[in-house]
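> quick one, fold the following:
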Amino acid sequence: MYNQANKLAETRQVILQDTRGEGRSPYTNFTKFHYDDFTRDAIAILDHLNIPRVAVVGWSDGAIVGLDLAMNYSSRIERVFAHGANPQANMSIPGLNDPIINSDSGFLDSDFATNGTTYSINGRRKRGLGKRGQTYNCESLSPLPGNCSAMKEGVAYMWRTEPTWGPGALAKVKCPVWIVDGDHDISVERNQADALAAWIPFAGQLIIPHVGHAALLEDPKLFNFAMEYFLDMKFDGVLPYY
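Model prediction:
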């Protein structure tokens, strides 16, 4: 998130957090990965830095943690810009001919013959650790590179089983939230983004065109504009009513 961090640092204090066991944080002293643990870690960092309240910009797992923070630590969270989050690991996938669904291969197989539509081959896709940014992989960053294989397995299991949120849980969110996704996201189905936007009270939803799950890298100009627009919005303590 260097594009976002450097932009926000021009006008704000920015805190970048490696989640436990990932990046430069060692995978030690715990055995399983859970979003609730990531959330408690974030609060521990804020407590350590004596920061009472923050706005959260999160991508993928970070977006899920941002929503977890908003649900369970509402007094600490001002607002959440959540890009690429999902509410349920096992949420149903729409029909095979849904034009929003991308190809099973993970590539945009659409062409002029299909009017730009991409389809799922068999209705299921595997979510996994991709090859993007191999220079910054676990083995090159972690203080315990020997634990990287176990870390990847643990994270993959978390992705298969978490989160498990429904409307009741997300109704606890009281701060301003934007649910953001790329229109060609191959990791989070559109119905997941739609559900989050519907279940969170007064949440806004933004679908960014011509990008996927890594929209913040693929179109940082538009992503940063939307991010700053949201962070600068005046809510005066009251969520908008329409």
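> tell me the buried residues in the helix or strand bottoming out on mean pLDDT in the chain?
Ranking every helix and strand in the chain by mean pLDDT, DSSP states H and E puts helix 138-141 at the bottom, with a mean of 85. For helix 138-141, the neighbour count (16 or more other C-beta atoms under 10 Å) marks residue 138 as buried. From N, CA and C alone the C-beta is placed, and that goes for glycine too.
> for stretch 162-179, same thing?
By neighbour count with 16+ other C-beta under 10 Å, stretch 162-179 contains the buried residues 162-163, 165, 169-170, 173, 175-179.
> so how far is that stretch off the chain centroid?
The gap between the average C-alpha position of stretch 162-179 and the chain average comes to 13 Å, counting by C-alpha atoms, centre = their mean, to the nearest Å.
> what does stretch 74-93 give?
Here the centre of stretch 74-93 is set off from its chain's centre by 7 Å, with C-alpha atoms, centre = their mean.
> could you export that stretch as CSV, CA atoms only?
Taking Å, rounded to 0.1, in the frame of the first residue of the first chain, the C-alpha atoms of stretch 74-93 are listed here in CSV:
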residue,chain,number,x,y,z
SER,A,74,-16.6,1.3,17.7
SER,A,75,-15.3,3.9,20.0
ARG,A,76,-11.8,3.6,18.5
ILE,A,77,-12.8,3.7,14.8
GLU,A,78,-13.8,6.9,13.0
ARG,A,79,-14.5,5.4,9.6
VAL,A,80,-13.5,2.5,7.3
PHE,A,81,-12.5,2.4,3.6
ALA,A,82,-12.8,-1.3,3.0
HIS,A,83,-11.5,-2.5,-0.4
GLY,A,84,-11.8,-6.2,-1.4
ALA,A,85,-13.5,-7.5,1.8
ASN,A,86,-15.9,-10.4,2.1
PRO,A,87,-18.4,-11.2,4.9
GLN,A,88,-18.4,-15.0,4.6
ALA,A,89,-15.8,-17.5,3.4
ASN,A,90,-18.4,-20.0,2.2
MET,A,91,-20.9,-17.5,0.7
SER,A,92,-22.7,-18.9,-2.3
ILE,A,93,-21.4,-17.9,-5.7
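> for it, what is the average pLDDT?
Stretch 74-93 shows a mean pLDDT of 88.
> what do you get for stretch 192-208?
For stretch 192-208, mean pLDDT is 92.
> so who does the spatially most central residue of the chain touch?
Nearest to the mean C-alpha position of the chain, counting by C-alpha atoms, centre = their mean, stands residue 60 at 2.2 Å. Residues in contact with residue 60 (C-beta atoms under 8 Å, 6 or more residues apart in numbering) are 83-85, 187-188, 213.
> again, only this time at 6 Å
With contact taken as C-beta atoms under 6 Å, 6 or more residues apart in numbering, residue 60 is in contact with residue 84.
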